[in-house]
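> coordinates for the following, if possible.
(one chain, ligands or ions: 1)
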Amino acid sequence: MKILVCGGAGYIGSHMVAYLLENGHDVIVLDNLQTGHKDSLLGGKLYIGNLKDNEILDKVFTENKIDAVIDFAANSLVGESVENPLKYFDNNIGSTIKLLEAMNKYNVKYIVFSSTAATYGEPENIPILEQDKTFPTNPYGESKLAVEKILKWCDRAYGIKYTALRYFNACGAHINGKIGEDHRPESHLIPIILQAALGKREKIMIFGDDYNTEDGTCVRDYVHVSDLASAHLLALERLRNGGESKIYNLGNGKGFSVKEVVDVARMVTGINIKAEIAERRAGDPATLIASSEKAIKELGWKPKFNSLETIIETAWNWHKNHLNGYEK
Ligand code: UDP
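I've put the predicted structure just below:
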């Protein structure tokens, strides 16, 4: 297939591009390189531009016979979204609308959309099922949920078939050691812990130890970025084989507390990473664990990196060999 990956130079997008290339697909990337990195692309044809720009979309779709689209292009900082909701609604919803208009215009009928566990907000059940209530506690999750709804109506009106994948905590790095996580500023737990292991930070701050969990710290479901990539391709194949539009959770179905993640990282790195308890971070639910039974059953998804130790090993391999990320 010839697949357009929007936001392909980002963390998850670049692992998607690698996975598609490894599986013999033709890849076109559209990325504005605002948060993405050119060097994270292991191949494919890159168009640098903004999804909200009709001209670049026309160029991409006329110069390439696109079979399907995978859309990662979005702002994704929860805290920033609370400070500046309009930026999130404008960019995340506005850009997908433009993309869908172009897909309709150029008769492209399949899209896999990058959604999030943040669509659920404070969960009503653990593990979380796709049909559970969605009540986002931040504008980032709200913007992704809005796009899911827009996709539903575009399927009805234009016959664009979609799969929305709600990721839990994406982490890890490609086993080839060439690509990994490089956010600026970094806000995610595992890269922050590993930066502390490398002496780039003095310590890690654990945001709250008075949650209603076993050790009082927040529990999350960590899922390897290459496993997320494999689910996207399975979802596309399913759509191309006549599958209906659907929504799936993607996680490992197992929760780890922040303290447990720090402990596993200490074991993997052999470094006594310093940790200190700090205030809770606003908007953090105590526990988020996915049920991915639906993806396993219907997509035939088989996560390969389902132990936290392996996930952290792959991340460690990337961080210790790329002390400044993609910066030369
Ligand atoms: N966390 C933490 N210290 C940090 C960064 C994150 O204690 O420096 C916690 C955070 O409160 C959450 C978990 O680690 O409970 C995972 O956070 P992350 O930002 O990686 O992902 P999120 O769950 O927000 O998607």
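> show me where this structure has strands.
Under the criterion DSSP state E, strands of the chain are mapped to 2-6, 26-31, 45-48, 68-71, 110-116, 161-167, 169-171, 204-207, 219-220, 222-224, 246-250, 256-257, 275-278.
> indicate which one of those strands is closest to the ligand.
Closest to the ligand of those is strand 204-207 (Cβ to the nearest ligand atom; 3.7 Å). Backbone N, C-alpha and C define where each C-beta goes, glycine included.
> so who does the closest residue to Gly243 other than its chain neighbours touch?
In space, and not counting its chain neighbours, Gly243 is closest to Lys161: 7.3 Å by Cβ to Cβ, 6 or more residues apart in numbering. The contact partners of Lys161, by Cβ atoms under 8 Å, 6 or more residues apart in numbering, come to Lys109, Tyr110, Ile111, Asp155, Leu239, Gly243, Glu244, Ser245.
> reformat the strands of the chain as CSV; add mean pLDDT and distance to His37.
As requested, those are exported to CSV (pLDDT from 0 to 100; distance: least, Cβ to Cβ, whole Å):
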stretch, mean pLDDT, distance to His37
strand 2-6, 98, 14
strand 26-31, 98, 9
strand 45-48, 98, 11
strand 68-71, 98, 18
strand 110-116, 98, 17
strand 161-167, 98, 20
strand 169-171, 98, 16
strand 204-207, 98, 24
strand 219-220, 98, 25
strand 222-224, 98, 19
strand 246-250, 98, 23
strand 256-257, 98, 28
strand 275-278, 98, 29
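> need these in CSV (columns: distance to the ligand).
Output for the strands of the chain, formatted as CSV (distance: least, Cβ to the nearest ligand atom, whole Å):
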stretch, distance to the ligand
strand 2-6, 21
strand 26-31, 22
strand 45-48, 28
strand 68-71, 19
strand 110-116, 8
strand 161-167, 9
strand 169-171, 5
strand 204-207, 4
strand 219-220, 5
strand 222-224, 9
strand 246-250, 13
strand 256-257, 9
strand 275-278, 7
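> of all those, which one is nearest Leu145?
Among those, strand 110-116 comes nearest to Leu145, with 7.7 Å by Cβ to Cβ.
> so what secondary structure elements neighbour the closest one?
Contacts defined by 3 or more Cβ pairs under 8 Å, 6 or more residues apart in numbering; DSSP states H and E place strand 110-116 against strand 68-71, helix 94-105, helix 139-158, strand 161-167, helix 225-240.
> chain center to that strand: distance?
10 Å (Cα atoms, centre = their mean, to the nearest Å).
> doesn't Met1 make contact with Asp26?
Yes: Asp26 lies in contact with Met1 (Cβ atoms under 8 Å); the separation is 7.1 Å.
> what is the burial count for the residue of the chain found nearest the ligand?
Nearest to the ligand, among the residues of the chain, is Cys218, at 3.0 Å (Cβ to the nearest ligand atom). Neighbour count for Cys218, taken as other Cβ atoms under 10 Å: 25.
> does it touch Phe256 like I think?
No: counting by Cβ under 8 Å, Cys218 sits too far from Phe256 to count as a contact (9.7 Å).
> what residues does the stretch 51-200 of the chain have near the ligand?
Residues of the stretch 51-200 of the chain lying close to the ligand (Cβ under 6 Å from any ligand atom) are Val78, Asn169, Ser187, His188, Leu189, Ile192.
> let's see it at 8 Å
Within the stretch 51-200 of the chain, the residues that sit near the ligand (Cβ under 8 Å from any ligand atom) are 78, 116-118, 168-169, 171, 187-190, 192-193.
> CSV for those, including neighbour count?
As requested, these are exported to CSV (neighbours: other Cβ atoms under 10 Å):
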residue, neighbour count
Val78, 20
Thr116, 23
Ala117, 24
Ala118, 26
Phe168, 25
Asn169, 20
Cys171, 25
Ser187, 14
His188, 14
Leu189, 21
Ile190, 25
Ile192, 20
Ile193, 28
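> which of these sits closest to Ala290?
The shortest approach to Ala290 among these belongs to Phe168, at 4.8 Å (Cβ to Cβ).
> show the pLDDT at the residue of the chain closest to the ligand.
Per-residue pLDDT puts Cys218 at 97.
> before we move on, what about Asn306?
Confidence at Asn306, expressed as pLDDT, is 88.
> just Arg201 next, same as before
Arg201 is given a pLDDT of 97.
> quick check: residues of the stretch 201-328 of the chain near the ligand?
So the stretch 201-328 of the chain meets the ligand at 204-208, 217-220, 258, 261, 278, 280-281, 284, 288 (Cβ under 8 Å from any ligand atom).
> and the buried ones among these, selectable in ChimeraX?
To isolate the buried members of those in ChimeraX, using 16 or more other Cβ atoms under 10 Å:
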select :204,206,207,208,217,218,219,220,258,261,284,288
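> one step back: need the phi and psi values for the residue of the chain closest to the ligand.
Here is the backbone geometry of Cys218 (degrees, to the nearest 10): phi -70, psi 140.
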